[in-house]
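# what's the 3D shape of this:
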Amino acid sequence: MQPMGNDKPIPGRPTSPFSAAPPVSSPFLSSGPVVGSEKTAATPLLTPFSSGTQATGYRMPAPPPTRFNGPFTPTQPPSFHPTQDAATYQQTQAPRFPPPSQPATPLRGPPVANSVGSFQPQPQVPTFRMSPPHPPAVQSPPGSNIPPPHFLGPRPGPQSPFQTLSASQASPHFRASPYIAQQGVIPPPPIGPPLGVGSREQMPFPHIGQQHVGGGPMQGLVEEFQSLSVGSIPGSLDSGIDAKSLPRPLDGDEEPRILESYPLNCHLRFLRLTTHTVPSSQSLLARWHLPLGAVVTPLAEVPEGEEVPIVNFGTAGVVRCRRCRTYINPYVTFTDAGRKWRCNLCSLLNDVPAEYYCALDATGRRLDIDQRPELSKGSVEFVAPTEYMVRPPMPPSYFFLIDVSVAAVQSGLLEVVATTIKSCLDGLPGSPRTQIGFLTFDSTLHFHNLKSSLSQPQMMVVADLDDVFLPLPDDLLVNLSDSRHVVDAFLDSLPSMFQNSANVESASGPALKAAFMVMSQLGGKLLVFQSTLPSLGIGRLRLRGDDPRVYGTDKEHTLRIPEDPFYKQMAAEFTKHQIAVDIFAFSEKYSDIASLGSLAKYTGGQVYHYPAFQAATHHEKLRYELARDLRRETAWEAVMRIRCGKGVRFTTYHGHFMLRSTDLLALPAVDCDKSFAMQLSLEDTLMTTQTVYFQVALLYTSSSGERRIRVHTAAAPVVTDLSEMYRQADTGAIVSVLSRLAVENTLSHKLEDARQLMQLKLVKSLKEYRTLYAVQHRLGGRFIFPDSLKFLPLYILSLCKSAALRGGYADVLLDERCATGYSMMILPITRMLKLLYPGLYRIDEILTKGTDNLDESLKPLALTSQCLDARGLYIYDDGFSFVIWLGRMLSPDIVNSILGVDLSSFPDLSRVQLYEQDNNISRRMMRILKALREKNRSSYQLCRIIRQDEQPREGFLLLNNLIEDQTPGSSTFVDWILQIYRQSQSS
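Numbers count the residues shown, from 1 in each chain. The predicted structure follows:
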């Protein structure tokens with residue numbers, strides 16, 4: 001279609017520009033034994049702040065004993081004396097990572113807590129004496145590079161680090177410390193004593209969060225902290241971190257309140273900036289170490305009653321700036337008695353069309369502004385005239401490419417797909433213009449004639465895979481209304497048509513070429529159902545799988561990129577002809593999602609992954625997600641551009657699309673479940689404007705056949721103060737951009753490099769924030785961070801522990817890793833944050849007692865095994881699946897009521913299906929699941945039921961996903977915070 005503005009569509013391939021980051025110390029270490037761990041248990045201290053109006057304060061503990069993997073291993077933990085200077089310290093403790101020119105024994109990072117036993121009361125950790133620690137944290141020698149840490153030995157299998165809590169001990173959930181947002185002047189950070197105040201004799205607290213008893217110096221310290229005036233922008237961390245009071249995003253996504261300052265901006269569901277400010281200079285931007293950019297969801301779902309208004313200019317045509325092509329919006333100004341308007345992006349004065357003229361009032365506002373949505377609302381949709389078309393608007397077209405090899409037949413896939421498609425026919429958008437067609441394949445291609453004059457469909461087989469041709473010129477893609485009876489007959493017969501097939505081959509590549517030949521005239525959506533690795537014809541793939549010898553080498557990333565260029569070349573052809581591809585992958589074995597997914601990546605499509613699909617288990621999930629894919633409102637043959645004001649421009653784009661020109665995104669199809677990220681740069685050394693405006697424009701064809709332009713406009717102030725950039729930071733948008741950058745980084749670098757890149761950005765940003773106050777205030781051993789980014793450290797840790805980034809060869813299956821990466825590239829912000837930090841809810845009391853308000857009763861818990869009680873029943877929800885955890889001591893009556901079977905007589909819970917039983921407990925359970933699913937309509941959370949101590953299912957379904965606990969190769973949340981603190985202190 002014709003692109004917006006004066007640019008002509010120039011076919012090109014998107015690139016993924018990202019450079020290798022300087023390596024940085026990483027907490028993702030092997031969980032090997034800790035030297036001296038039996039004598040060096042931390043003695044935590046209670047957080048001294050209890051008032052809800054103060055930010056939580058912590059004092060950082062002494063640096064923990066260094067872990068060695070070199071030939072020299074100390075038998076006792078080292079003592080840090082205050083009389084040691086930095087030079088002495090670095091001589092007695094070998095540098096953690098030597099510079100290139102100075103080989104030394106590599107040292108390990110902070111100790112990682114070992115897992116404790118299963119549900120046994122833990123003995124108190126004995127107190128011990130230790131000299132006061134030296135204030136500076138362990139630092140690398142100046143100028144040294146910090147390479148990745150070395151892994152020590154094999155990783156242990158998952159354990160069950162749970163502890164049975166009595167009623168008096170059990171905490172309902174961990175809550176983040178209260179932060180009070182303050183407007184106006186940013187207060188200085190709270191001032192605390194330097195790191196290491198007080199000796200170990202004064203801190204005999206064997207358990208985290210235990211109350212301090214008695215007076216003395218520590219009591220005086222608490223009183224001193226409580227007497228301080230604590231601001232909300234910087235938080236602080238105190239010695240002996242109380243894990244319960246660390247900030248956690250238990251309430252999910254928190255949108256910034258930018259609309260209060262800019263009420264004419266579009267809603268944040270459509271456009272969110274990583275910081276709702278723009279730096280005034282290149283030097284200021286250089287100090288902002290986080291991404292500067294935006295996350296756009298142009299077709300985000302809106303609540304009922306808040307629909308985007310539709311504007312038809314009629315004969316006047318769409319009103320746009322004649323120089324920069326900006327669409328008229330609430331931020332333009334009118335002059336010359338209403339006869340001219342000034343563009344808010346380029347400042348050009350434009351003539352007002354005679355049909356659009358209206359007089360101005362005394363303040364210079366148009367008299368009809370309240371009747372003009374385009375002048376009063378940040379989001380609007382214009383009806384595009386004929387000059388925005390290069391061909392008549394296309395009808396919605398759906399073409400189904402279905403694998404009918406023996407794997408698809410035996411799994412029950414064909415029946416689920418056929419029944420789901422048939423049930424959705426009446427709800428397909430665009431009726432009566434909708435087009436539909438089918439092609440099935442195994443070792444041959446099966447075309448289906450759906451001509452309306454037939455009573456039954458006709459199947460034509462093409463066995464020549466080297467020279468694919470269409471057996472019919474027409475009637476392979478037909479009008480659904482005209483051929484409905486033939487389509488119904490085909491779908492009814494599909495499950496039995498291949499039921500006796502023993503064909504194990506898959507000619508996916510030739511089938512894709514045939515589908516392209518059928519669809520190239522109209523375009524539309526191609527839905528590919530793949531059950532096995534493509535094995536015949538062009539595009540056949542080999543079983544490369546996960547090669548353990550490749551991990552950790554420069555060739556590791558090649559496992560995560562397409563092996564055969566055929567798929568990217570096909571994607572380019574599909575995009576050129578307005579065809580979007582959705583991939584539904586079902587294979588029990590390796591099916592090379594990395595290659596197949598590139599079809600969706602470059603055509604604006606989506607990847608759905610159902611590993612080891614079995615109809616009895618997965619039919620509800622597939623039925624729901626396929627139906628949503630077919631029924632959701634879709635924008636066809638679209639292009640999108642985001643414009644911005646003077647001095648700034650968008651340089652890189654991240655998501656599923658094809659980049660036609662420098663800033664034009666080609667999207668054969670786009671819907672409400674797709675988001676796009678982009679990064680911003682400054683064109684000039686100094687900004688000359690006070691405000692920068694952004695405008696997203698999506699030109700598309702609606703399912704009703706109307707050409708439309710959806711426009712979102714927003715404004716952001718230009719600031720000269722870095723602290724203001726931090727104050728207006730949007731954690732959700734930052735995490736969303738960083739997640740895409742990390743996934744793209746794994747396509748050209750090692751997983752460890754991607755994790756270190758994320759950690760490096762976090763450390764640099766916190767270190768820069770610290771320098772804002774280091775000159776004026778006595779910070780000592782304080783760890784300060786902006787209130788707007790209080791959840792960022794946990795989200796970065798969660799990102800590094802996600803299926804797309806965590807571990808290596810043995811931690812995540814390659815197909816699952818690639819499928820997760822493709823999903824993360826398109827997720828809107830709220831769903832991204834839910835995936836990174838899922839919800840954990842205890843529901844056994846709700847089931848037995850009932851509740852009138854589920855939202856108040858379903859209280860999210862911290863993602864740690866300390867929240868799991870052997871007597872409880874929990875739901876883990878990451879937005880894609882449910883894990884239902886049954887405690888070992890859970891009442892058998894609850895289990896029997898929910899499952900309808902006796903657990904002792906049904907040992908294999910992987911085959912248990914959850915259905916509503918005829919009792920109140922089961923009905924309440926179904927009500928809870930329904931309420932959680934309604935919060936996220938984009939996918940269907942399939943229930944997986946596990947028992948406590950059921951290995952290995954408990955480990956890979958739940959324990960490895962408890963972000964705050966130690967998992968193989970990674971650290972706990974507390975250790976992560978300590979490490980980030982130490983690195984942010986280093987110079």
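# and the longest helix that the chain contains, C-alpha only, in PDB?
Ranked by number of residues, the top helix in the chain under DSSP state H is helix 751-774. Taking Å, rounded to 0.1, in the frame of the first residue of the first chain, the C-alpha atoms of helix 751-774 are listed here in PDB:
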ATOM      1  CA  LEU A 751      23.300 -15.700  26.500                       C
ATOM      2  CA  GLU A 752      25.800 -14.600  29.200                       C
ATOM      3  CA  ASP A 753      26.600 -11.500  27.200                       C
ATOM      4  CA  ALA A 754      22.900 -10.600  27.000                       C
ATOM      5  CA  ARG A 755      22.500 -11.000  30.700                       C
ATOM      6  CA  GLN A 756      25.600  -8.900  31.400                       C
ATOM      7  CA  LEU A 757      24.400  -6.200  29.100                       C
ATOM      8  CA  MET A 758      21.200  -5.900  31.100                       C
ATOM      9  CA  GLN A 759      23.100  -5.800  34.400                       C
ATOM     10  CA  LEU A 760      25.600  -3.300  33.000                       C
ATOM     11  CA  LYS A 761      22.800  -0.900  32.100                       C
ATOM     12  CA  LEU A 762      21.200  -1.200  35.500                       C
ATOM     13  CA  VAL A 763      24.400  -0.600  37.400                       C
ATOM     14  CA  LYS A 764      25.400   2.400  35.300                       C
ATOM     15  CA  SER A 765      22.000   4.000  35.800                       C
ATOM     16  CA  LEU A 766      22.100   3.500  39.600                       C
ATOM     17  CA  LYS A 767      25.700   4.700  39.800                       C
ATOM     18  CA  GLU A 768      24.800   7.800  37.800                       C
ATOM     19  CA  TYR A 769      21.800   8.500  40.000                       C
ATOM     20  CA  ARG A 770      24.100   8.200  43.000                       C
ATOM     21  CA  THR A 771      26.400  10.800  41.700                       C
ATOM     22  CA  LEU A 772      23.600  13.300  41.600                       C
ATOM     23  CA  TYR A 773      23.700  13.500  45.400                       C
ATOM     24  CA  ALA A 774      27.200  12.300  46.300                       C
END
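# I'd like the next helix or strand past it.
Toward the C-terminus, helix 751-774 is succeeded by strand 785-786 as the next helix or strand (DSSP states H and E).
# what residues of stretch 295-304 count as buried?
Of all the residues in stretch 295-304, those buried under the rule 16 or more other C-beta atoms under 10 Å are V295, V296, T297, P298, L299, A300. Backbone N, C-alpha and C define where each C-beta goes, glycine included.
# let me fix that, I meant to ask about stretch 582-589.
D582, I583, F584, A585, F586, S587.
# go on, stretch 470-481?
D475, L476, L477, V478, N479, L480.
# got it, and stretch 605-612?
G605, Q606, V607, Y608, H609, Y610, P611.
# can you give me the end-to-end span of it?
Terminal residues of stretch 605-612 lie 22 Å apart, using C-alpha to C-alpha, to the nearest Å.
# before we move on, what about stretch 372-385?
End-to-end for stretch 372-385, by C-alpha to C-alpha: 19 Å.
# mean confidence score for that stretch?
For stretch 372-385, the mean pLDDT works out to 96.
# what are the buried residues along that stretch?
Within stretch 372-385, the residues scored as buried using 16+ other C-beta under 10 Å are 372-384.
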